[in-house]
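Student: Sequence and predicted structure, then a few things I'm wondering about:
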Amino acid sequence: MLDKKIFSNTKRAFILKSDEDLKRSIFIFKLISIPSLVPPGIFFTKLALKLRLPIEWLIKKTIFKQFCGGTSLNDCLTGIKNMYSKHVYSVLDYSVEGKVSEEEFDKATDTKINIIKFAAQQKEIPFAVAKPTGLGRFEIWHKVSENKTLTPTEEKEWQHIKDRIKRICKAASEHNVKVMFDAEESWMQDAADQLIENMMKIYNKDRIIVFNTMQCYRWDRLEYVKQSHLKSKEGGYKLGFKIVRGAYMEKENKRAEKLSYATPICKNKAATDNTFNQVMYYCLNHLDDINLFIGTHNEESTYGAITFLEEKQIDFNDERVWFGQLYGMSENLTFNLGIENFNAVKLVPFGPVRDVIPYLFRRAQENTSVQGQTSRELNLLLEESQRRKKESV
Ligand SMILES: Cc1cc2nc3c(=O)[nH]c(=O)nc-3n(C[C@H](O)[C@H](O)[C@H](O)COP(=O)(O)OP(=O)(O)OC[C@H]3O[C@@H](n4cnc5c(N)ncnc54)[C@H](O)[C@@H]3O)c2cc1C
């Protein structure tokens, strides 16, 4: 039986990091672990960018290098190949956010399709990803989710959104690249869930191409998964699920309180962990009908999944089960999983430095708010640094 200690093996975790890379990562995690530093840091970076001060090179050498794979597809390739040499796959995420016009959404769709075509040529890239609100205005998703009447212009926008999602799924199917759709705020998610389910009906018949995301901080997701399973069996198609805990908890709780409705979020962290694990084991117990991508930095859940595979004598690299972490985080999970021959994946954000800055700010903010995880990252980096020092004497 694999020991949980495999995730403490820092030599394997940081195998691709030079001593200089390691020092840079330690510096960055030390900085973002100080909560009082992050908001002023973000404020001054925004100001410097507005004043057109030449700070892009500094961002590129520090936080960008930690959390992004490169500025373009080709720029990411060396990193992707290096990770694959340790059995770690990549998923490329063009992380340019905040676009709102129809032209920009069309352009984003074309970019997704280009990434699918690019992925089809690289054995190292098994998935593509897309975010619903990157393909159409949030307000349209929201109104459709709440069954509100759309104006004629909004009707057209909704039709365009459906066309864009269909184009992406069709391209993914034609090029045999799996596509995962992110989950976002609960008040726009129903429309996304419905549309993605429709895509599964078309494209998940003989193999699984389309994946939706289940945010397990939502207490209704276990039931949703079970109901989807029943429907898929009746409808003769299969399901692809990426499971995560969920990234919008504070926003969700605040909105629920402000508008006086019951929050869709579990009552505490233990309840979220419980839902996550229940959804995970439900999917693992139905792998003939459901493919699973476990998107987490949580060691307990990850260990639970690998133990399940071992106990049920399912091949570690069975193509129905995948594990994913974000680039620059939880290398101890990704690389130890990869080296043990599990299907380990890094989600690799990329894009021009200026355009990915909102993503980088989020990484800094989230790492500050998830204190436990940040100190775990920092401790592992420091341990590895110590280990290398000892090794060299
Ligand atoms: C590959 C990948 C893809 C992702 N895709 C998405 C996506 O499409 N949509 C999305 O929303 N997120 C996505 N995320 C982010 C994810 O939802 C989590 O925010 C993040 O991974 C932290 O959760 P964890 O399981 O890694 O770790 P943990 O540190 O174990 O869990 C932290 C999470 O627990 C939950 N939590 C914390 N405190 C409480 C509380 N008091 N009550 C209830 N719940 C609580 C929150 O969800 C919090 O993010 C993705 C993450 C990864 C690694």
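Tutor: Now that the structure is in, tell me what you want to look at. Residues are numbered from 1 along each chain as shown.
Student: Report whether stretch 265-281 contacts the ligand.
Tutor: Yes. Residues of stretch 265-281 are located near the ligand by CB under 6 Å from any ligand atom, namely I265, C266, N268, K269, T272. C-beta: built from backbone N, CA, C; applies to glycine.
Student: Would you list the phi and psi of D93?
Tutor: phi -120, psi 110 (degrees, to the nearest 10).
Student: K267 too?
Tutor: phi -70, psi -20.
Student: That one - how many residues pack around it?
Tutor: 9 (other CB atoms under 10 Å).
Student: Distance of it relative to N82?
Tutor: The spacing between K267 and N82, counted by CB to CB, to the nearest Å, is 43 Å.
Student: coming back round to it: just the buried members of the residues of stretch 265-281 next to the ligand?
Tutor: Neighbour-count burial within these applies to I265, C266, T272; the criterion is 16 or more other CB atoms under 10 Å.
Student: Closest to the ligand out of the residues you listed?
Tutor: Set against the ligand, the nearest of these by CB to the nearest ligand atom is T272 (3.5 Å).
Student: So that closest one, which state does it fall into?
Tutor: Counting by DSSP: H, G, I helix; E, B strand; the rest coil, the backbone at T272 sits in helix.
Student: In space, what's closest to Y303 - neighbours in sequence excluded?
Tutor: K4 (5.1 Å; CB to CB, 6 or more residues apart in numbering).
Student: How about E102?
Tutor: H160 (6.5 Å).
Student: which element is that neighbour on?
Tutor: helix 152-174 (DSSP states H and E).
Student: tell me the mean pLDDT over that helix?
Tutor: Per-residue pLDDT values over helix 152-174 give a mean of 98.
Student: With stretch 200-219 instead?
Tutor: 98.
Student: Export it to PDB, keeping only CA atoms.
Tutor: Coordinates of each C-alpha in stretch 200-219 appear next as PDB, following Å, rounded to 0.1, in the frame of the first residue of the first chain:
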ATOM      1  CA  MET A 200     -22.500  15.400 -23.100                       C
ATOM      2  CA  LYS A 201     -25.600  14.000 -24.700                       C
ATOM      3  CA  ILE A 202     -24.100  14.600 -28.100                       C
ATOM      4  CA  TYR A 203     -20.300  14.100 -27.500                       C
ATOM      5  CA  ASN A 204     -20.100  11.500 -24.700                       C
ATOM      6  CA  LYS A 205     -21.700   8.600 -26.400                       C
ATOM      7  CA  ASP A 206     -18.900   6.200 -27.200                       C
ATOM      8  CA  ARG A 207     -16.100   8.000 -25.300                       C
ATOM      9  CA  ILE A 208     -16.000  10.900 -22.800                       C
ATOM     10  CA  ILE A 209     -15.000  14.200 -24.300                       C
ATOM     11  CA  VAL A 210     -17.000  16.800 -22.300                       C
ATOM     12  CA  PHE A 211     -16.500  17.400 -18.600                       C
ATOM     13  CA  ASN A 212     -18.500  19.700 -16.300                       C
ATOM     14  CA  THR A 213     -17.200  20.900 -12.900                       C
ATOM     15  CA  MET A 214     -18.800  20.100  -9.600                       C
ATOM     16  CA  GLN A 215     -18.000  22.500  -6.800                       C
ATOM     17  CA  CYS A 216     -18.400  20.400  -3.700                       C
ATOM     18  CA  TYR A 217     -18.700  23.300  -1.300                       C
ATOM     19  CA  ARG A 218     -22.200  23.300  -2.700                       C
ATOM     20  CA  TRP A 219     -24.300  20.900  -0.500                       C
END
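Student: Spell out which residues of the chain are next to the ligand.
Tutor: 182-183, 213, 215, 217, 244-249, 265-266, 268-269, 272, 295-298, 324-326, 347, 370, 373.
Student: now with 5 Å?
Tutor: On the criterion CB under 5 Å from any ligand atom, the ligand has as its neighbours in the chain the residues 182-183, 213, 215, 217, 244-247, 249, 266, 268-269, 272, 295-298, 324, 326, 347.
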